[in-house]
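Trainee: Predicted structure and sequence below. I'll ask about it afterward.
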Amino acid sequence: MAVIRPFRALRPPAERAQAVASVPYDVVNTDEARALANGNELSFLHVSRPEIDLPAGTDIYSDAVYRKAVENFEKLIATCPLEKEAEPSLYVYSLIMGDHQQVGIVACCWIDEYDNNTIRKHERTRPDKEDDRTRHMLMLRAQTGPVFLTYRTRREIDEQVSEAMSASPLYDITAEDGIRHTIWRLTETENLVNSFSSVPLLYIADGHHRAASASRARAELRGQSFKHTGEEDYNYFLTVIFPDSQLQILAYNRVVRDLNGLSKEEFLEALRRSFTISENANPAPTQRGQWSMYLDGKWYALELSPGTTLPDGVVQSLDVSVLQERLLDPVLGIRDVRTDKRIDFVGGLRGTRELQHVVDEGKAAVAFSLYPTTVKELLMVSDANQIMPPKSTWFEPKLRDGLLIHTI
């Protein structure tokens with residue numbers, strides 16, 4: 001069963017929520033974070049990416065960065081000010097991007113359910129990123145950005161969420177990217193907690209490193225405790241939980257720096273061993289089992305040659321897996337996309353125009369546009385206790401950090 005817990009959020013006043021709210025720490029680099037926070041002392045990026053307030057070139061994993069995070073967090077608490085709710089609450093969080101809306105529940109989830117796989121995963125985490133967020137949580141004694149979870153839609157939960165949205169919101173802001181973020185506070189939480197207790201499984205959609213780091217931070221704090229009861233705040237981690245029917249996954253595309261020593265003609269000939277190729281293609285595939293390729297100023301459509309059998313297995317049959325096994329590895333020599341510096345990834349709203357730009361500017365030789373991984377595929381992989389290939393999913397719209405903080 002899914003255990004969700006109300007919590008006493010540390011949060012900004014409504015009139016300063018717009019200034020505080022920031023993009024997640026891991027969707028921007030240092031330079032981008034510095035530009036976004038420029039001129040805004042309340043931006044939560046000063047806490048989540050504190051290297052922006054240190055000299056250029058500072059190692060982002062240095063002691064000075066974590067000390068700056070604590071300093072900036074304490075300053076924000078005092079000057080914003082951030083205040084903690086008197087009573088535990090749940091929250092309803094709506095995001096609207098264009099015609100798309102998704103509405104989730106902000107709650108704390110039990111780390112035991114993450115550890116025992118009742119909260120299921122589909123991504124392998126990197127030790128360096130785990131180390132970073134674990135240290136960040138322990139230094140601040142807070143979880144400052146939520147893990148994005150999903151579950152199979154239930155009408156009774158939808159009805160309670162809709163009812164909560166009829167009240168006046170706690171926050172209603174539109175970010176600089178045009179996405180509207182609206183949050184309602186729920187002080188009567190028993191019915192929603194009980195409804196989630198009948199949900200058999202939750203799934204991580206985005207935020208694997210935050211979840212893993214919360215588990216590691218809990219283990220360290222539990223080891224330091226003389227009177228551990230299991231009810232301490234560090235036993236839970238901050239989440240926003242959305243029904244699967246509302247999620248939107250966008251394509252996560254690939255660009256490759258060179259053709260592995262092949263000429264254009266040799267490269268195309270090598271592709272014809274596994275794919276049929278047609279010219280003047282749509283830059284975005286229209287269905288699963290199709291890939292679009294941008295090469296030398298032209299879009300090509302790729303499909304597996306007639307009679308080719310897709311591999312068995314929920315992971316092996318994914319479009320990202322087929323591209324890797326039939327093209328990136330055997331033709332372009334890219335065996336490990338996690339470590340190979342010749343490949344890069346373009347996700348989300350940047351789309352196919354960015355692929356063309358990168359190739360036309362000479363920063364890459366070829367680009368591949370994929371059909372988005374589906375939510376159904378994500379759940380199937382998670383239920384099979386398997387791992388998706390790196391960079392398989394890009395979720396939009398993104399949640400904002402700093403609006404609802406869970407102190408541990």
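Mentor: Looks like it came in fine. In this text, all values refer to a predicted model and were calculated from it rather than measured experimentally.
Trainee: Give the burial count for the nearest residue to Lys121 once chain neighbours are set aside, as a bare number.
Mentor: Spatial nearest neighbour of Lys121, excluding adjacent residues (CB to CB, 6 or more residues apart in numbering): Ile204 at 5.3 Å. For glycine as for every other residue, the C-beta is placed from the backbone atoms N, C-alpha and C. Using other CB atoms under 10 Å, Ile204 is surrounded by 22 other residues.
Trainee: residue contacts, Ile204?
Mentor: Contact analysis of Ile204 by CB atoms under 8 Å, 6 or more residues apart in numbering lists 119-123, 147-149, 211, 382.
Trainee: List phi and psi for it.
Mentor: For Ile204, the backbone dihedrals (degrees, to the nearest 10) come out as phi -80, psi 120.
Trainee: re earlier: check the contacts of Ile204 against Ala78 and report the nearest one.
Mentor: Closest approach between the contacts of Ile204 and Ala78, by CB to CB: Val147, at 27.6 Å.
Trainee: which ones are touching the closest one?
Mentor: 109, 204, 206-207, 210-211, 214, 237-240.
Trainee: That one pairs with what?
Mentor: Thr239 (DSSP bridges).
Trainee: how about low-confidence regions in this protein?
Mentor: Within the chain, no range satisfies pLDDT under 70.
Trainee: what's the domain layout of it?
Mentor: Domain assignment for the chain by automatic domain parsing gives 4-249+396-407, 252-371.
Trainee: would you list those domains in a markdown table and tack on distance to Glu377?
Mentor: Listed next are the domains of the chain as a markdown table, based on distance: least, CB to CB, whole Å:
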| stretch | distance to Glu377 |
| --- | --- |
| domain 4-249+396-407 | 9 |
| domain 252-371 | 6 |
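Trainee: Among these, which comes closest to Pro390?
Mentor: domain 252-371 (5.3 Å).
Trainee: Give me the distance between the two termini of that closest one.
Mentor: Using CA to CA, to the nearest Å, one end of domain 252-371 lies 8 Å from the other.
Trainee: to the chain's geometric centre, what's the distance from it?
Mentor: Offset of domain 252-371 from its chain centre (CA atoms, centre = their mean, to the nearest Å): 23 Å.
Trainee: Am I right that Ile157 is in a helix?
Mentor: Yes - under DSSP: H, G, I helix; E, B strand; the rest coil, Ile157 falls within a helix.
Trainee: Return the residues in contact with it.
Mentor: Ile157 sits next to 105, 192, 195-196, 199, 243 when contact means CB under 8 Å, 6+ apart.
Trainee: Mind giving me the ChimeraX select for the residues you listed, buried ones only?
Mentor: To isolate the buried members of the contacts of Ile157 in ChimeraX, using 16 or more other CB atoms under 10 Å:
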select :105,192,195,196,199,243
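Trainee: Take the contacts of Ile157 and keep only those in strands.
Mentor: Within the contacts of Ile157, residues falling in strands by DSSP state E are 105, 243.
Trainee: Next, format the contacts of Ile157 as CSV and append distance to Tyr252.
Mentor: Below are the contacts of Ile157 laid out as CSV (distance: CB to CB, whole Å):
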residue, distance to Tyr252
Ile105, 26
Leu192, 33
Ser195, 33
Phe196, 30
Val199, 28
Pro243, 22
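Trainee: now for the contacts of Ile157, which pair is the farthest apart?
Mentor: Maximum pairwise distance among those (CB to CB): 13.1 Å, between Leu192 and Pro243.
Trainee: which one of the contacts of Val147 is nearest Ala37?
Mentor: Lowest distance from Ala37 to these (CB to CB) belongs to Arg210, with 20.3 Å.
Trainee: distance from the centroid: which residue in the protein tops it?
Mentor: Distance from the C-alpha centroid of the chain, by CA atoms, centre = their mean, peaks at Glu265 (38.2 Å).
Trainee: Please determine how far that residue is located from Arg272.
Mentor: According to CB to CB, to the nearest Å, Glu265 stands 11 Å off from Arg272.
Trainee: Ok, Lys391 next?
Mentor: 26 Å.
Trainee: hmm, back to that, tell me the SS of the residue farthest from the centre of the chain?
Mentor: Secondary structure state of Glu265, per three-state DSSP, is helix.
Trainee: Start and end of stretch 342-358, how far apart?
Mentor: Counting by CA to CA, you get 13 Å between the two ends of stretch 342-358.
Trainee: in it, what counts as buried?
Mentor: Neighbour-count burial for stretch 342-358 [16+ other CB under 10 Å]: 342-344, 346-348, 351-352, 354-356, 358.
Trainee: who touches it?
Mentor: With CB under 8 Å, 6+ apart as the test, stretch 342-358 has contacts from 250-258, 283-284, 292, 294, 328, 332, 334, 337, 364, 367-369, 391, 394, 396.
Trainee: what is Val103 paired to in the beta sheet?
Mentor: For Val103, the beta-bridge partners are Ser94 (DSSP bridges).
Trainee: Isn't it up against Thr153?
Mentor: No - using CB atoms under 8 Å, Val103 is not in contact with Thr153; the gap is 11.4 Å.
Trainee: Name the residues contacting each of those two.
Mentor: Both Val103 and Thr153 are in contact with Gln246, where contact means CB under 8 Å, 6+ apart.
Trainee: more crowded one of the two?
Mentor: Val103 (20 against 12).
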